[in-house]
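Enquirer: Any chance you could fold what I've pasted below:
(one chain, ligands or ions: 1)
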Amino acid sequence: MRVLIVEDEVRLAATLRDLLELNGYTADMCHDGESGLDNALSSIYDVIILDVMLPRMDGFTVLRKLRAAGCSAPVLMLTARSEISDKVTGLDSGADYYLTKPFDPKELLACIRALTRRQPELRDTDCLRCGDLQLEKSSFTLRCGDRSVRLSRKEFDMLELLMLNQKLVITKENLLVKVWGYDSDAEDNNVEVYISFLRRKLEHLHSTVKIRTIRMVGYCLEPTS
Ligand code: CA
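Expert: This is a model prediction of the structure:
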């Protein structure tokens, strides 16, 4: 699981990153609201930890913009302030949980576990759906009606990212990072090749779902019926 930490206190952010990585998560950091929003919109994150008081854009605004853009990743808000009104503002902006600094690391980890459990339709059940398609995680099987095909690991990872973010355009860059990883030397045309494999499989299944190309940007799923 990949966690984005948006926190301008650099030492606290680094402590959080170390804590998360010790506990098996991959964590990235941003230190201001604008870059936090840009990164969060990449849709490669399973959870976003978002501070309220941030330079360039405050956490509430970041959260409202994220939700308006269709990002449904769980958001855990952090703040040094403990006033009720802040909690209400945070929850009204679409936060899933609110933690007041200073907090116990155990509480933070428990929150993250709870938040990733709280999206059963997206993350914990075996099956993702889009239009007439069902993607089974345990067997890498893609079904449409009574037809089915087995996907390769990379095909599965790409389609999963597209299905988890059905309202969003997924950029080639995000697909590269999510499927091949940051350190890989894979390039855009690797993504294009795997998209063509997936399109062939959708055709074979006679699915009405199409992978639409958004020129110069990326791809999105389009249930056409
Ligand atoms: Ca802050």
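Enquirer: Leu37 belongs to a helix, doesn't it?
Expert: Yes: counting by DSSP: H, G, I helix; E, B strand; the rest coil, Leu37 is found in a helix.
Enquirer: Relative to the ion, how far out is it?
Expert: Distance, Leu37 to the ion, using C-beta to the ion, to the nearest Å: 15 Å. Backbone N, C-alpha and C define where each C-beta goes, glycine included.
Enquirer: My guess is that residue contacts Met57. True?
Expert: Yes: between Leu37 and Met57 there is a contact at 6.4 Å, judged by C-beta atoms under 8 Å.
Enquirer: So which of those two has more stuff around it?
Expert: Higher neighbour count among Leu37 and Met57: Leu37, with 24 against 16, using other C-beta atoms under 10 Å.
Enquirer: The more buried one: what's it in contact with?
Expert: Met57, Val62, Lys65, Leu66 (C-beta atoms under 8 Å, 6 or more residues apart in numbering).
Enquirer: right, and the secondary structure at the last one would be what?
Expert: Secondary structure state of Leu66, per three-state DSSP, is helix.
Enquirer: That one and Lys167, how far apart?
Expert: Computed as C-beta to C-beta, to the nearest Å, the Leu66 to Lys167 distance reads 12 Å.
Enquirer: Comparing these two, which residue is more hemmed in?
Expert: Leu66 (21 against 11).
Enquirer: Now that one: closest residue in space, sequence neighbours ignored.
Expert: Distance criterion C-beta to C-beta, 6 or more residues apart in numbering; nearest residue to Leu66, sequence neighbours excluded, is Ala40 at 5.5 Å.
Enquirer: I'd like the distance between Met158 and Ser152.
Expert: Here Met158 is placed at a distance of 10 Å from Ser152 (C-beta to C-beta).
Enquirer: What of Asp185?
Expert: From Asp185 to Ser152 the distance is 19 Å (C-beta to C-beta).
Enquirer: Neighbour count for those two, which is higher?
Expert: Ser152 (13 against 7).
Enquirer: Now do the contacts for the more buried one.
Expert: Counted by C-beta under 8 Å, 6+ apart, Ser152 has contacts Phe140, Phe197.
Enquirer: go on, Lys178?
Expert: Listed by C-beta under 8 Å, 6+ apart, the contact set of Lys178 reads Ile44, Asp157, Met158, Leu161.
Enquirer: one more time with 10 Å, if that's ok
Expert: Going by C-beta atoms under 10 Å, 6 or more residues apart in numbering, Lys178 touches Arg2, Ser42, Ser43, Ile44, Tyr45, Asp157, Met158, Glu160, Leu161, Ile170.
Enquirer: ok, the residues you listed vs Gly145, which is closest?
Expert: Closest approach to Gly145 among those (C-beta to C-beta): Glu160, at 20.5 Å.
Enquirer: Sweet, I'm off.
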